[in-house]
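Asks: Sequence and computational prediction follow.
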Amino acid sequence: MDTEVLIVGAGPTGLMLANQLARRGVHSLLIDRHAQPARETRALGVQARTLEIYAQLGVVERALALGKRATGAQLWTQGRKAARVPLIDAGSLLTPYPCILVLGQDDNERILGDRLADWDQPVHWNTSLQSLQQRDGHVTATLAVAAGAVREVRARWVAGCDGSHSTVRALNGIPFEGAPYEHVFYVADVQASGSMAPAQVNVFLWKQTFHLLFPLRGDDHWRIVGILPPALAGRDDVDFDAVLPSLRGETGLHIAVDRCSWFSTYRIHHRRAARFRAGRCFLLGDAAHIHSPVGAQGMNTGLQDAYNLAWKLALVVNRQARESLLHSYEDERIPVATRLLDTTDRAFRLVVSAHPLAALLRTQVLARVVALAMRNRRLQELAFRTVSQIGIHYRDSALSVSDPRLPARSVQAGDRFPWLRLVLQPGEPAQDLFQALEDTHFHLLLFGQLPPPALSGFNGLLRTHVVPDDARNHGELERAGIPAVSFFLLRPDGHVGLCGSRAEAAELAAYAEARLGLRTMA
């Protein structure tokens, strides 16, 4: 093989996949048809779950330093403050990162690209995929490189991270089902002052339209997203000065703009690939699903696609697991994409609909419901879990096996294991569990029991942790709904694979062989 994995597209998703494979000793060839990384991008919201993944990758501190933490969202209706969504309050017990980090896609690409360079893996720019043929055991791909030259490479696997116009998807004949929205959006980066709530995502809802203002790094620096007024929608010469009057009128802000450093218009679609896999080819990120910007979910979802696939693909490439493990990528990620498209589409249609009833709901009812809900701690946490993506689960996956005797409120197989501060060694201080559990191994967490004897089937991939019966742990376990006697087998991506009351060596070995397809190594 020329490479184990050919990754087409060096945006955030492709860079994440290449990094996660490199950490696990898998060589990839990362290509991109562009000449260089993106300089100006529309995606900019980094959610808590992505920051947790960044922490495992060793880049979270740099991301936090480059970005702007939005600690909440301020809703405005008809020019007046209506409700506030407090992210820090809602997420402080759920994740180390209870915020939305406002960090542009270009900065995310720079961070991930620099980390990839630490593994001596370059990005091959000015290189595009022309054709591919799937054969027994590999894929032969034809690449167009600089100066019109053509190169043929053989790869065991191909990952299409090449965006909404994916060549990998087209060459595999996979339909991209959905449609465009009728509206034309604009995006602008400005230096501006006004009555916007600082360090908050400001959401302006009116009867006819909406605007989003994201705080960017620095003082009085904002990203504005809005819908072009109908009178401007058909023009090719629209600039920020043309939309400024409607922005002021539709937000009700006395906004003073010092300068606009970037302005662009665009249309958005809501589409999902009919399949996320065709033989030895996979689709990830925008190649697999695109949707409205409501909720700042798009880039994060692509990054989680890569995180889900990488550990499975690495085990298969390294001959530690059978290829059957790869079926779970599509089985787990298609439901996530489907739910996301459904919820963002419904939310988007509500905030843009011209129907009088929708306008009334948007400006009178929605804000009141949000204001009331945010007084309830459980509803706050539910909203945060959804937006932050820490609530994504794979309970219906073939890799998820729960003992039915576990309490319903307990953590279940398929869930992201909760963030806890636990005493892991008697006499030592409590520590961040996420920092203690690195993500290149499986982890067996044991509560109220010792490890089963003769534990086998994981071939050095398993780390076992006996959590002591310490008074400092009791409150954390009760809050998370973890029974005093229980066990949880965590996958490398932090989701629970197998859980129950008593860990038995035979049950764990059977799960490793039958569900994960782990090979028995001599």
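Replies: Okay, I see it.

Asks: Can you give me the buried ones in stretch 318-338?
Replies: Within stretch 318-338, the residues that qualify as buried are 320-321, 325-326, 328-337, counting by 16 or more other Cβ atoms under 10 Å. (Each C-beta comes from the backbone N, C-alpha and C, glycine too.)

Asks: Ranking helices and strands of the protein by mean pLDDT, which lands last?
Replies: Ranking every helix and strand in the chain by mean pLDDT, DSSP states H and E puts helix 356-360 at the bottom, with a mean of 64.

Asks: Residues touching stretch 35-45, excluding its own?
Replies: With Cβ atoms under 8 Å, 6 or more residues apart in numbering as the contact definition, stretch 35-45 has outside contacts at 10-12, 100-106, 108-110, 113, 123, 125-126, 187, 214, 216, 223, 225, 262, 264, 266, 293, 296-300.

Asks: go on, stretch 259-267?
Replies: Stretch 259-267 has contacts (Cβ under 8 Å, 6+ apart) with 40, 42, 180-181, 183-191, 228, 238-240.

Asks: tell me the mean pLDDT over it?
Replies: Stretch 259-267 shows a mean pLDDT of 89 in the predicted model.

Asks: Restricted to strands, list the contacts of stretch 35-45.
Replies: When the contacts of stretch 35-45 are checked against strands (DSSP state E), the matches are Ile100, Leu101, Val102, Val123, Val187, Phe214, Arg223, Val225, Trp262, Ser264, Tyr266.

Asks: right, and Val46 touches Leu103 too?
Replies: Yes: with contact taken as Cβ atoms under 8 Å, Val46 and Leu103 are classed as touching, separated by 5.0 Å.

Asks: Show me which of the two is the more surrounded one.
Replies: Residue environment comparison for Val46 versus Leu103 gives the larger neighbour count to Val46, 29 against 25, counting by other Cβ atoms under 10 Å.

Asks: Just the pLDDT for the more buried one.
Replies: 93.

Asks: do you know how far the nearest residue to it once chain neighbours are set aside is from Leu216?
Replies: When the adjacent residues along the chain are set aside, Val46 lies closest to Leu101, with 4.1 Å between them (Cβ to Cβ, 6 or more residues apart in numbering). Applying Cβ to Cβ, to the nearest Å, the value for Leu101 to Leu216 is 11 Å.

Asks: Gly58 contacts Arg115, doesn't it?
Replies: Yes: here Gly58 lies in contact with Arg115, judged by Cβ under 8 Å, at a distance of 6.9 Å.

Asks: Could you list the buried residues of stretch 245-261?
Replies: For stretch 245-261, a neighbour-count test (16+ other Cβ under 10 Å) marks Ser246, Leu247, Glu250, Thr251, Gly252, Leu253, Ile255, Val257, Cys260 as buried.

Asks: Mind picking the two most distant members of these?
Replies: Maximum pairwise distance among the buried residues of stretch 245-261 (Cβ to Cβ): 20.2 Å, between Gly252 and Cys260.

Asks: okay, the residue sitting nearest the centre point of the chain: pLDDT?
Replies: The structure's the chain has its C-alpha centroid closest to Asn300; by Cα atoms, centre = their mean the separation is 2.7 Å. Confidence at Asn300, expressed as pLDDT, is 93.

Asks: Report the contact partners of Leu446.
Replies: When the contact criterion is Cβ under 8 Å, 6+ apart, the partners of Leu446 are Thr464, His465, Val466, Val467, Phe487, Ala503.

Asks: now the helices for the stretch 351-500 of the chain?
Replies: Counting by DSSP state H, counting those that start in this stretch, one finds helices in the stretch 351-500 of the chain at the ranges 356-360, 366-373, 377-388, 433-436, 471-480.

Asks: Would you mind pulling the contact partners of the last one?
Replies: Contacts of helix 471-480 from elsewhere in the structure, counted by Cβ under 8 Å, 6+ apart, are Leu93, Val411, Pro418, Leu420, Arg421, Leu422, Val423, Ala430, Phe447, Val467, Ala484.

Asks: Now that Gly178 has come up, it's in contact with Ile268, right?
Replies: No: between Gly178 and Ile268 there is no contact, the gap being 10.7 Å when judged by Cβ under 8 Å.

Asks: who has more neighbours, the two?
Replies: Ile268 (19 against 15).

Asks: Report the contact partners of Ile31.
Replies: Neighbour list for Ile31: Leu6, Ile7, Val8, Gly9, Ala10, Val123, His124, Thr127, Ser128, Leu129, Leu143 [criterion: Cβ under 8 Å, 6+ apart].

Asks: quick one, phi/psi of the second one?
Replies: With angles defined as degrees, to the nearest 10, Ile7 sits at phi -110, psi 120.

Asks: wait, isn't it in contact with Leu17?
Replies: Yes: the pair Ile7 and Leu17 qualifies as a contact (Cβ under 8 Å) at a distance of 5.7 Å.

Asks: Now do the shared contacts for these two.
Replies: Ser28, Ala159, Cys161.

Asks: Quick check: bridge partners of the nearest residue to the first one once chain neighbours are set aside?
Replies: What sits nearest to Ser28 in space, not counting adjacent residues and going by Cβ to Cβ, 6+ apart, is Val5, at 4.1 Å. When bridges are assigned using DSSP bridges, the partners listed for Val5 are Ser28, Trp157.

Asks: Val5 and Arg277: what is the separation?
Replies: When Val5 is compared with Arg277 (using Cβ to Cβ), they lie 14 Å apart.

Asks: how about low-confidence regions in the protein?
Replies: Counting by pLDDT under 70, the low-confidence segments of the chain come to 40, 207-208, 294-295, 349-364, 366-367, 371, 373, 521-522.

Asks: how does it divide into domains?
Replies: In the domain annotation for the chain, the residue ranges read 3-73+102-178+270-350, 401-514 (automatic domain parsing).

Asks: Among these, show me which one is buried the most.
Replies: Comparing these by mean neighbour count (mean count of other Cβ atoms under 10 Å), domain 3-73+102-178+270-350 ranks first with a mean of 20.

Asks: Give me the distance from that domain to the chain's centre.
Replies: Its chain's average C-alpha position is 11 Å from that of domain 3-73+102-178+270-350, according to Cα atoms, centre = their mean, to the nearest Å.

Asks: just to revisit the earlier point, joint contacts of Val46 and Leu103?
Replies: Shared contacts of Val46 and Leu103, defined by Cβ under 8 Å, 6+ apart, comprise Ala63, Gly67.

Asks: re the thing from before, need the ones in strands among the contacts of stretch 35-45 in a markdown table (columns: distance to Asn473).
Replies: Compiled in a markdown table, these are given as follows (distance: Cβ to Cβ, whole Å):
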| residue | distance to Asn473 |
| --- | --- |
| Ile100 | 31 |
| Leu101 | 30 |
| Val102 | 35 |
| Val123 | 45 |
| Val187 | 47 |
| Phe214 | 39 |
| Arg223 | 42 |
| Val225 | 44 |
| Trp262 | 50 |
| Ser264 | 51 |
| Tyr266 | 50 |
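
Asks: Among these, give me the pair with the biggest separation.
Replies: The widest separation within the ones in strands among the contacts of stretch 35-45, taken as Cβ to Cβ, falls between Val123 and Val225 and amounts to 28.5 Å.
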